[in-house]
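In: curious how this folds, go ahead:
(chains A and B)
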Protein chains: 2
Amino acid sequence: MVDNSKEKAVILVSGGLDSATTLAIALELGFPCYCLTFDYGQRHRIELESARAVVKSLDVERHEVMTLNIGWMGGSALTDQSIEVPDTPVSGIPVTYVPARNTVFLSVALGWAETLGARHIFIGANAVDYSGYPDCRPTFIRAFEQLANVATKAGVEGSGFHIHAPLIQMSKAEIILRGQDLGINFALTLSCYNPGPEGAACGVCESCRLRARGFHDAGLTDPTQYRDKAPEVA
Amino acid sequence: MVDNSKEKAVILVSGGLDSATTLAIALELGFPCYCLTFDYGQRHRIELESARAVVKSLDVERHEVMTLNIGWMGGSALTDQSIEVPDTPVSGIPVTYVPARNTVFLSVALGWAETLGARHIFIGANAVDYSGYPDCRPTFIRAFEQLANVATKAGVEGSGFHIHAPLIQMSKAEIILRGQDLGINFALTLSCYNPGPEGAACGVCESCRLRARGFHDAGLTDPTQYRDKAPEVA
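Out: Alright, predicted model coming up:
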């Protein structure tokens, strides 16, 4: 096995189960992990507490929570209180899409990675059981990696950056089973787009439904607390 | 001439003469202009006042100053007080390089453009009389444009983004002459990496030297106020 213990990695951690599993994978690979969470004006601010709890439960080098308020732009149900989070499935790219979010997050991660001397960046993007966001596709990850290697001093003069998206082709059930294997405590994670102030999940948004379906397909019990009731999985 | 009056454009405005000229070019092309300035923890905070003054002197639709503190990362003389701004020419990429700065700025501009329904983004990057920053080269601009068009809903479903870097192959003297033609008041702009609290330029940093050389080569008088004296142009 490759010895990654001398290579730092920057990991984007949101508080959801995808990024928790991604962090566990990076640790399993032996990378000293530098975690980065964004306070970006999300309406579900309790997710920052989930991110802190997830990181605290694992053995990481450092955790930064950076304020990056993109909520003023509007344009997404996740940052704009005037747009409702839908409670039924939609076709196409949904209103919970936050314009250029992963591009912005990876760009800041890239800057930090360059400062740290890290060549590896991990993101929990997932193209399968996801909501059809353009910035969760393999073609996006490849385009960002190409950009990183012309945009930076380390990319131009050094050995280049690698953007890891280990979940990109996994189903939600596969992600949950992998996280379970690696010891993630899923009770610490939060997936809901519209949780209550104490972190209870709504049980009706697309993210709640994807999560419930994933635990069902994995044959595991989801420890999520719901405000009302768990989504029905037919 | 193409009628751009129905097309919004987002313009990155820093307070320097390059971005001021870029904004004037976008206005000349007929775009309704949405200006974006970052308060990114730069040590030369007086540049935010320059940005406000430049924008106010022109006819734009809107100006946003967004706090995006990347100073905590360190790694650059422009955001880290413990690294000195050099006062003599250096070879290679200098310490005033801010890791991934233009990538981060363009990413946020991309998110705002998508929200606004704008397809055009202008940046005053310049590859000629610049300091050797990797994110000021044509190859970087092209890579970002490619990324923008796979990263976003508007890029995937719509007609795509265009990243304009109209100064990229111009000399500093050419930029100054173009800005002069377009009516920019250069007294409002600030180029120095290490200005005094009132905005007086140091006269010794690379940016001061490039500016002085540019005005000299353009045959114009630079209205810059210096703390001590203007850089000597041999």
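In: can you give me the strands for chain A?
Out: Counting by DSSP state E, the segments of chain A that form strands are A:9-12, A:33-39, A:62-67, A:120-122, A:162-164.
In: and the first one, which strands flank it?
Out: Spelled out, it's strand A:9-12. The pairing partners recorded for strand A:9-12 under DSSP bridges are strand A:33-39 (parallel), strand A:120-122 (parallel).
In: quick check: which of those is buried the most?
Out: Of the strands paired with strand A:9-12, the one with the most neighbours on average (mean count of other C-beta atoms under 10 Å in any protein chain shown) is strand A:120-122, at a mean of 24. C-beta here means a position set from N, CA and C on the backbone, and glycine is covered the same way.
In: turn the strands paired with strand A:9-12 into CSV, including mean pLDDT and distance to residue B:100.
Out: Below are those laid out as CSV (pLDDT from 0 to 100; distance: least, C-beta to C-beta, whole Å):
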stretch, mean pLDDT, distance to residue B:100
strand A:33-39, 96, 13
strand A:120-122, 98, 11
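In: quick one: furthest residue from the center of chain A?
Out: Distance from the C-alpha centroid of chain A peaks at residue A:157, with 29.8 Å (C-alpha atoms, centre = their mean).
In: check what pLDDT it gets.
Out: On pLDDT, residue A:157 comes in at 83.
In: got any ranges where chain A has weak pLDDT?
Out: Counting by pLDDT under 70, chain A contains low-confidence residues at A:1, A:43, A:75-81, A:85, A:88-96, A:129-131.
In: ok, the nearest residue to residue A:29 once chain neighbours are set aside - how many residues close by?
Out: Nearest residue to residue A:29, sequence neighbours excluded (C-beta to C-beta, 6 or more residues apart in numbering or on different chains): residue A:4, at 5.3 Å. Using other C-beta atoms under 10 Å in any protein chain shown, the number of residues around residue A:4 comes to 16.
In: check residue A:219 too.
Out: 9.
In: over to residue A:48?
Out: Residues lying near residue A:48 (other C-beta under 10 Å) number 18.
In: can you pull the contacts of it?
Out: For residue A:48, the contact set (C-beta atoms under 8 Å, 6 or more residues apart in numbering or on different chains) comprises A:15, A:37, A:39, A:65.
In: same deal with residue A:33?
Out: With C-beta under 8 Å, 6+ apart, residue A:33 has these contacts: A:8, A:9, A:11, A:23, A:26, A:27, A:58, A:60, A:61.
In: beta partners for it?
Out: Beta bridges link residue A:33 to residue A:9 when assigned by DSSP bridges.
In: that one and chain B: what is the separation?
Out: Residue A:33 sits 16 Å away from chain B, going by C-beta to the nearest C-beta, to the nearest Å.
In: check residue A:180 too.
Out: 31 Å.
In: my guess is that residue contacts residue A:220. True?
Out: Yes. Between residue A:180 and residue A:220 there is a contact at 6.5 Å, judged by C-beta atoms under 8 Å.
In: closest one of the contacts of residue A:48 to chain B?
Out: Ranked by distance to chain B (C-beta to the nearest C-beta), the contacts of residue A:48 are led by residue A:65 at 10.6 Å.
In: with adjacent residues omitted, what lies nearest to that closest one?
Out: Nearest residue to residue A:65 in three dimensions, chain neighbours excluded: residue A:37, at 4.7 Å (C-beta to C-beta, 6+ apart).
In: which helices and strands does the lengthiest helix in chain A pack with?
Out: The single longest helix within chain A, with elements called by DSSP state H, is helix A:101-116. On a contact count with 3 or more C-beta pairs under 8 Å, 6 or more residues apart in numbering or on different chains; DSSP states H and E, helix A:101-116 meets strand A:9-12, strand A:33-39, strand A:120-122, helix A:138-151, helix A:153-157, helix B:101-116, helix B:138-151.
In: list of residues touching the third one?
Out: Contact with strand A:120-122 is made by A:4, A:7-12, A:22-23, A:25-26, A:31, A:106, A:109-110, A:113, A:148, A:161-166, as judged by C-beta under 8 Å, 6+ apart.
In: and these, which of them are buried?
Out: Neighbour-count burial (16 or more other C-beta atoms under 10 Å in any protein chain shown) is assigned, among the contacts of strand A:120-122, to A:4, A:7-12, A:22-23, A:25-26, A:31, A:106, A:109-110, A:113, A:148, A:161, A:163-166.
In: can you add distance to residue B:134 and give the strands of chain A back as TSV?
Out: TSV is the format used below for these (distance: least, C-beta to C-beta, whole Å):
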stretch	distance to residue B:134
strand A:9-12	19
strand A:33-39	22
strand A:62-67	23
strand A:120-122	17
strand A:162-164	17
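In: right, so of those strands, which gets closest to residue A:193?
Out: Of all those, strand A:33-39 sits nearest to residue A:193, with 15.9 Å by C-beta to C-beta.
In: report the angle between the closest one and helix A:101-116.
Out: Going by axes from the mean of the first three to the mean of the last three C-alpha atoms, to 10 degrees, strand A:33-39 is angled at 140 degrees with respect to helix A:101-116.
In: residue A:24 contacts residue A:58, correct?
Out: Yes. If you go by C-beta under 8 Å, residue A:24 and residue A:58 touch, sitting 6.8 Å apart.
In: contacts made by stretch A:61-70 with the rest, please.
Out: Contacts to stretch A:61-70, defined as C-beta under 8 Å, 6+ apart, come from residues A:8, A:13, A:32-41, A:48, A:51-52, A:55-56, A:79, A:98-99, A:101, A:104, A:108, A:112, B:66-69, B:72, B:108, B:111.
In: again with stretch A:185-205
Out: A:15-17, A:20, A:43-44, A:46-47, A:49-50, A:53-54, A:57, A:77-78, A:85-87, A:96, A:176, A:179-180, A:206-208, A:210-212, A:222-231.
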